[in-house]
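*Asks:* My questions are about this predicted structure, shown below with the sequence.
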Amino acid sequence: MQDTSDSLVTVLAGGVGAARMLAGIVQVVPPANVTAIVNVGDDLELHGLRISPDLDTITYTLAGEINPDTGWGLKGESWQAMDSVRRYGGISWFGLGDRDLGTHLYRTQRFAEGATLTEITAEITDAWDLALRLLPVTDGRLRTMVTLAEGDDAGREVGFQEYFVQRQHGVPVSSVRFDGAEATAPGPDVIAALADADRVVLAPSNPIVSIDPVLAVPGVREALTARRADTVAVSPIVAGSALKGPADRLLTELGHDATVVGVARLYAPLADALVIDHADADLAGAVAAEGIRPIVAESIMKTPALAAALARTVLAG
Ligand code: FO1
């Protein structure tokens with residue numbers, strides 16, 4: 001097998017699944033060789049604060065400080081600030097722990113001083129002693145918007161977190177839109193990180209609401225497509241279900257197959273290979289028929305050792 005221990009690796013990333021994948025990758029290549037291009041479509045402004053959930057989930061996971069019970073937020077949180085907000089009848093459906101709040105206070109202040117999200121993210125990751133590079137896909141404003149399909153709210157478009165957290169992603173969806181995307185540009189170094197990588201990875205993130213907003217930034221899809229021969233995707237769907245979140249339902253509601261074959265169809269133009277779990281080994285032929293090479297492996301990162309093993313598989317391609 002070729003030596004991949006010094007490869008430059010660039011990962012297209014959403015939240016929890018990508019964070020675990022990155023935690024595996026930094027065990028098998030030097031963290032300084034790793035760049036994550038991160039979704040910002042989930043970002044929101046609340047209480048006057050700038051909140052970037054996917055950037056923070058990756059930062060806290062790689063720092064070893066993520067709350068293991070939720071997969072977001074920090075370990076050892078207290079919730080006194082939210083208790084006060086609740087007392088006043090303020091917005092309390094999006095839980096911001098006291099420790100986590102410090103990150104949003106800092107980010108908001110730095111924005112007010114004129115810093116970009118790329119600069120602020122580097123300051124935050126440096127402060128957590130992370131050697132890998134996190135690049136928000138854009139410094140522009142891109143917001144994932146979701147149109148609800150049922151009930152009193154049918155036809156209503158809401159922000160991603162209102163769908164995901166406030167409605168607990170329990171409402172059917174008729175469409176997803178990336179507001180502002182066409183007016184954005186890739187962040188500094190995003191296109192170079194795709195061009196310079198030895199291996200590009202599509203993390204096991206939600207294809208519709210985590211990877212698609214990254215691709216909606218003008219120029220990113222083209223830069224990724226140019227690296228198709230060196231790109232490996234990891235399926236976020238195992239045995240017809242998402243490991244976390246609504247990826248399976250969203251795929252079905254938006255007319256895709258919620259199987260590894262549906263994922264293969266979406267990713268065949270972008271990646272040479274798709275890692276599918278042993279549970280889907282019987283679908284390997286159908287994946288190949290979509291024009292993407294199946295790699296059957298243990299893909300559920302239940303432990304750091306399994307995440308490292310998956311990283312080795314992805315790097316070997
Ligand atoms: N997810 C929840 O299900 N409920 C919450 O109250 C919540 C708060 C929250 C605060 C900060 C943060 O960085 C993430 C937070 N998340 C919460 C997770 C987040 O909404 C989603 O996991 C991602 O946006 C999807 O990748």
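*Replies:* That came in fine, so what should we check first?
*Asks:* From now on I want contacts and neighbour counts done on CA atoms only, so please keep to that.
*Replies:* OK.
*Asks:* separation between the nearest residue to residue 293 once chain neighbours are set aside and residue 263?
*Replies:* Spatial nearest neighbour of residue 293, chain neighbours left out: residue 273 (4.3 Å); criterion: C-alpha to C-alpha, 6 or more residues apart in numbering. Applying C-alpha to C-alpha, to the nearest Å, the value for residue 273 to residue 263 is 11 Å.
*Asks:* Also residue 107?
*Replies:* Remark: distance between residue 107 and residue 263 (C-alpha to C-alpha) = 35 Å.
*Asks:* what residues does the stretch 1-150 of the chain put near the ligand?
*Replies:* Applying C-alpha under 6 Å from any ligand atom, one finds that the stretch 1-150 of the chain approaches the ligand through 14-15, 42, 53-54, 56-57, 72-73, 93-96.
*Asks:* go with 5 Å
*Replies:* 15, 53, 94-95 (C-alpha under 5 Å from any ligand atom).
*Asks:* could I get those as CSV with neighbour count?
*Replies:* Below are these laid out as CSV (neighbours: other C-alpha atoms under 10 Å):
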residue, neighbour count
15, 25
53, 22
94, 12
95, 14
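*Asks:* Which of the residues you listed fall within helices?
*Replies:* residue 53 (DSSP state H).
*Asks:* quick one: which of the residues of the stretch 1-150 of the chain next to the ligand is nearest to residue 226?
*Replies:* Nearest to residue 226 among these, counting by C-alpha to C-alpha, is residue 15 at 24.8 Å.
*Asks:* Pull the contacting residues for the closest residue to the closest one other than its chain neighbours.
*Replies:* The shortest distance from residue 15 to any non-neighbouring residue, by C-alpha to C-alpha, 6+ apart, is to residue 54 (4.4 Å). Residues in contact with residue 54, defined by C-alpha atoms under 8 Å, 6 or more residues apart in numbering, are 14-16, 38-40, 42-43.
*Asks:* what does stretch 307-317 contact?
*Replies:* With contact meaning C-alpha under 8 Å, 6+ apart, stretch 307-317 is reached by 1-2, 4, 20-21, 23-25, 27-28, 199, 201, 232-234, 273, 275, 297-301.
*Asks:* So which of the residues of the stretch 1-150 of the chain next to the ligand are in strands?
*Replies:* Taking DSSP state E, every one of these sits outside strands.
*Asks:* Please produce JSON lines containing the residues of the stretch 1-150 of the chain next to the ligand, extended by pLDDT.
*Replies:* As requested, these are exported to JSON lines (pLDDT from 0 to 100):
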{"residue": "15", "pLDDT": "92"}
{"residue": "53", "pLDDT": "98"}
{"residue": "94", "pLDDT": "98"}
{"residue": "95", "pLDDT": "97"}
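*Asks:* Closest one of the residues of the stretch 1-150 of the chain next to the ligand to residue 290?
*Replies:* residue 15 (26.9 Å).
*Asks:* how far away is that closest one from residue 46?
*Replies:* Going from residue 15 to residue 46 by C-alpha to C-alpha gives 19 Å.
*Asks:* Same check on residue 248?
*Replies:* 28 Å.
*Asks:* quick one, which of these two is more surrounded?
*Replies:* residue 248 (23 against 13; other C-alpha atoms under 10 Å).
*Asks:* May I see the buried residues of the helix or strand harbouring the more buried one?
*Replies:* Using DSSP states H and E, residue 248 maps to helix 247-253. Buried residues in helix 247-253, counted by 16 or more other C-alpha atoms under 10 Å: 247-251, 253.
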